[in-house]
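Trainee: sequence? don't have it. structure:
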Ligand SMILES: CC(=O)CC(=O)SCCNC(=O)CCNC(=O)[C@H](O)C(C)(C)COP(=O)(O)OP(=O)(O)OC[C@H]1O[C@@H](n2cnc3c(N)ncnc32)[C@H](O)[C@@H]1OP(=O)(O)O
Ligand SMILES: NC(=O)C1=CN([C@@H]2O[C@H](COP(=O)(O)OP(=O)(O)OC[C@H]3O[C@@H](n4cnc5c(N)ncnc54)[C@H](OP(=O)(O)O)[C@@H]3O)[C@@H](O)[C@H]2O)C=CC1
């Protein structure tokens, strides 16, 4: 039974995951290397819980109880008595592997190690641990408190017991789980990211402006956000890493990342989180 969770990475995904876990009654550590990042994550959770109280979806008492279940962490040793770790650090294989190796040595034997990776191979991450049967993909969508879907990805070595526990947890969190096999980009990003990349190509080739591309998809296809607004929201670094995983994983040129996407990432224009991407933002979000 999963009661205590540590979330690694207090960025936009990690904070959202920590929030929904705490709201569901779990004890949660929110971990990042820097104290400042943890505090930023906790602040954003506090704001969203405040909004939930204003909207009448939660009482002030429930908000306080949720916040009391959230503990800041800057040491991975806090995972020593956790039943589950959900990793949400940057989308880079070598960084995730290092985190999983460290966690493997810290967490109790029964603990499940889950990754929120958008595209990377669960099988490869699992193979760096001594418990590959207890490693699994638990891919939440952004913004986590709002979006219902969780892709649950089995690595080649993932046990049925691990899969069932995580599937059950997703339901406890109020999410709808779908079962996905371990192929680059899984289902959601294999379909979404080439569309975003193509939208960037249309701007790169001068077919239309950023605004007109977004308007086409919003008003023409009823998408809630245009693809370039969505790319900024996801993070252009994350979009590029996912395209690179698809390109390399399928060895198919149809997944080549648009040069403009590469250039924006090189410039540090990562979207909403850095204040500039295809659009400009007030630099408030983390
Ligand atoms: C990259 C990956 O690996 C996978 C991914 O996640 S891909 C990204 C998937 N996500 C999407 O495609 C999101 C597409 N966009 C949307 O669905 C909507 O624009 C949206 C839900 C984000 C916002 O909805 P909206 O109607 O335009 O705006 P708004 O009315 O302000 O917000 C609707 C609700 O969402 C909440 N919300 C909006 N942004 C939020 C955020 N960043 N965090 C938490 N909650 C948020 C608002 O509080 C609001 O809730 P209430 O009405 O209950 O207060
Ligand atoms: N953005 C999205 O829409 C979605 C993203 N994902 C996936 O979630 C993961 C996180 O993405 P997102 O939240 O957007 O990214 P962010 O950049 O917002 O957050 C990542 C956080 O992890 C921290 N971090 C990096 N390395 C470590 C480490 N070794 N130990 C602890 N913390 C670390 C970063 O700190 P610092 O900045 O100091 O490096 C940062 O605070 C990625 O794998 C991404 O693919 C999944 C679904 C949707």
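Mentor: That came through, no problem. Model, not experiment: these values are computed from the prediction. Ligands and ions are numbered 1, 2, ... in the order given.

Trainee: Thought residue 62 was touching residue 50, still the case?
Mentor: No - the pair residue 50 / residue 62 is not scored as a contact, 11.9 Å apart, by CB atoms under 8 Å. The way it works is simple: take the backbone N, C-alpha and C, and place the C-beta from them, glycine included.

Trainee: And for the residue nearest to residue 96 when sequence neighbours are not counted, the neighbour number?
Mentor: Nearest residue to residue 96 in three dimensions, chain neighbours excluded: residue 125, at 5.6 Å (CB to CB, 6 or more residues apart in numbering). For residue 125, the count of nearby residues is 25 (other CB atoms under 10 Å).

Trainee: Distance of residue 125 relative to residue 44?
Mentor: 27 Å (CB to CB, to the nearest Å).

Trainee: Buried residues, stretch 48-56. List them.
Mentor: Residues of stretch 48-56 classed as buried by neighbour count (16 or more other CB atoms under 10 Å): 48, 49, 52.

Trainee: Could I get the contacting residues of the closest residue to residue 279 other than its chain neighbours?
Mentor: In this structure, residue 279 finds its nearest non-sequential neighbour in residue 232, 5.8 Å apart by CB to CB, 6+ apart. Contacts for residue 232 were tallied using CB atoms under 8 Å, 6 or more residues apart in numbering; they are 271, 272, 277, 278, 279, 281.

Trainee: Return the member of the residues you listed nearest to residue 27.
Mentor: residue 272 (30.4 Å; CB to CB).

Trainee: Enumerate every residue touching the closest one.
Mentor: By CB under 8 Å, 6+ apart, residue 272 lies in contact with 232, 233, 235, 281, 285.

Trainee: cool, and residue 80?
Mentor: Here residue 80 is in contact with 106, 107, 108 (CB under 8 Å, 6+ apart).
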